[in-house]
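K.L.:
Fold the following.
(chains A, B, C and D)
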Number of protein chains: 2
Amino acid sequence: MSSEALARAAGVKPTQLRKDLAYFGTFGTRGLGYDVGALSKRISDKLGTSRLQPVILIGVGNLGLALLSYRGFEKEGFEIIAAFDADPHRKRDKQIKQPIYGMDELAGFVKKQNVKMAILTVPASVAQEVANYLVEAGIAGILNFSPIVLAVPEDIMVNNVNLAIELENLSYFTQE
Amino acid sequence: MSSEALARAAGVKPTQLRKDLAYFGTFGTRGLGYDVGALSKRISDKLGTSRLQPVILIGVGNLGLALLSYRGFEKEGFEIIAAFDADPHRKRDKQIKQPIYGMDELAGFVKKQNVKMAILTVPASVAQEVANYLVEAGIAGILNFSPIVLAVPEDIMVNNVNLAIELENLSYFTQE
DNA sequence: ATATGTGAATAGGTTCACAGCC
DNA sequence: GGCTGTGAACCTATTCACATAT
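P.N.:
As a prediction, this is how the structure comes out:
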């Protein structure tokens, strides 16, 4: 498959795609294009998703529950193996397959299961406190859904998903 | 408040913040800093969120339901006023305050209520089809949660939220 | 004295254009 | 002939440095 076809599927330009791949090595064959299976495999290896990655989720509210039920992570190589909440036994609207533990069990779990990534869906008011706790427990990457800027050591990776900002962006560009 | 303090809160550098504001006008007072109330107001005006913006949501599954219950949009000036689903009467785990309509009511609703923005939380397999329908109905901005690249006319704004990509990003950077 | 607003300098990212290989 | 890989050219974004205003 050519870089042009791949780029169309990804929503970028062919040269962009080729340049980006070039940063990690050479993947294609001149005159022929890319072997999609081999390319996919090598990208998974680079991303570290060729083996299933365990992930934990902190904060089992509305959004947390929805993400625990979301099937889209598995085929990309991620599994949310457990959830943690300040009130693990509170009644919830939905049945989920993952266990919900109290916060006091987090550090032990992370160490025993060697979990490196956490999804943070707690209220903004406690997000920093919980983040500190995650870092101390040995988490190295946080997917943060709270609308605050987390202060973490610089060897900790934080990705922010801020839904209000996404809407604000749309709002700005959809004004006539 | 100084650009330094604002920048710290936003997680950027002071010069970045000043330069960005400069693209829209002059907001601060030399020697003094920024009047936070006035700045906030002027930014809301620019973003178009100083009046409440109506938003609709399409696809009332796990994630859609969670977003319908999410309280974080209101204080940023957005309200999800209605939801649409191929099967509006299906039993759902959670009680929500918004009405759920069938897809056949969408176009009429959008026109009558003058809605410009939609949150798309349908399965990937139907996302493009639904997006076409949204565009035809007069929607100008789409917040897309399905993991596909939507093809839309260029005057339509699409923002993508792809949770698997966020995790892949973390996975890459948390490999030792 | 203090902190903005902004040209100039720098860094980073994208696209072009084509040599190199199938 | 076709399509990749990549230096060079171009464009955009960030940071610096300081004149300017309070």
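K.L.:
C-alpha from now on. contacts and neighbour counts both.
P.N.:
Fine.
K.L.:
A:His73 and chain B: what is the separation?
P.N.:
In this structure residue A:73 is Phe, not His. 6 Å (Cα to the nearest Cα, to the nearest Å).
K.L.:
can you tell me which residues contact that residue?
P.N.:
The neighbours of A:Phe73, taking Cα atoms under 8 Å, 6 or more residues apart in numbering or on different chains as the test, are A:79, B:163-164.
K.L.:
Quick one, grab the pLDDT at it.
P.N.:
In the prediction, the pLDDT value recorded for A:Phe73 is 93.
K.L.:
gap between the residue nearest the centre of chain A and DNA strand D?
P.N.:
Among the residues of chain A, A:Leu143 comes closest to the average C-alpha position under Cα atoms, centre = their mean, at 5.4 Å. A:Leu143 sits 21 Å away from DNA strand D, taking Cα to the nearest atom of the strand, to the nearest Å as the criterion.
K.L.:
that's a strand at that residue, yeah?
P.N.:
Yes. According to DSSP: H, G, I helix; E, B strand; the rest coil, A:Leu143 belongs to a strand.
K.L.:
from the middle of its chain, how far away would the helix ranked longest in chain A be?
P.N.:
Among the elements of chain A assigned as helix by DSSP state H, the one spanning the most residues is helix A:124-137. On the basis of Cα atoms, centre = their mean, to the nearest Å, the separation between the geometric centre of helix A:124-137 and that of its chain is 17 Å.
K.L.:
Is chain B within reach of it?
P.N.:
No. For helix A:124-137, no contact with chain B is found by Cα under 8 Å from any Cα of the partner chain; the gap never falls below 9.9 Å.
K.L.:
And for stretch A:95-107?
P.N.:
No. Figure legend: stretch A:95-107 not in contact with chain B (Cα under 8 Å from any Cα); closest approach 9.2 Å.
K.L.:
buried sites along that stretch?
P.N.:
Buried residues in stretch A:95-107, defined by neighbour count with 16 or more other Cα atoms under 10 Å in any protein chain shown: A:100-101, A:103, A:106-107.
K.L.:
Just the ones of these in strands?
P.N.:
With strands defined by DSSP state E, the entries of those inside them are A:100-101.
K.L.:
would you list the buried residues of stretch A:95-107 in TSV and tack on pLDDT?
P.N.:
What follows is these, written out as TSV (pLDDT from 0 to 100):
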residue	pLDDT
A:Ile100	98
A:Tyr101	98
A:Met103	98
A:Leu106	98
A:Ala107	98
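K.L.:
Let me have the buried residues of stretch A:95-107 in CSV, adding distance to B:Lys41 as columns.
P.N.:
Compiled in CSV, the buried residues of stretch A:95-107 are given as follows (distance: Cα to Cα, whole Å):
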residue, distance to B:Lys41
A:Ile100, 42
A:Tyr101, 42
A:Met103, 39
A:Leu106, 41
A:Ala107, 43
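K.L.:
Dump stretch A:43-51 to CSV, restricted to CA.
P.N.:
In CSV, the C-alpha atoms belonging to stretch A:43-51 read as follows (Å, rounded to 0.1, in the frame of the first residue of the first chain):
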residue,chain,number,x,y,z
ILE,A,43,4.6,0.4,15.0
SER,A,44,3.1,-1.7,17.8
ASP,A,45,6.6,-2.7,18.9
LYS,A,46,7.7,0.9,19.0
LEU,A,47,4.6,2.0,20.9
GLY,A,48,5.0,-0.9,23.3
THR,A,49,1.5,-2.2,22.6
SER,A,50,2.5,-5.5,21.0
ARG,A,51,1.9,-7.1,24.3
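K.L.:
Name the residues that touch that stretch?
P.N.:
A:41, A:76-78, B:168-169, B:171-172, B:175.
K.L.:
Now pLDDT and distance to B:Glu4 too, for these, in TSV please.
P.N.:
Formatted as TSV, the entries for those read as follows, by pLDDT from 0 to 100; distance: Cα to Cα, whole Å:
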residue	pLDDT	distance to B:Glu4
A:Lys41	97	45
A:Glu76	94	40
A:Gly77	96	41
A:Phe78	97	39
B:Glu168	97	33
B:Asn169	96	29
B:Ser171	97	32
B:Tyr172	96	32
B:Gln175	90	33
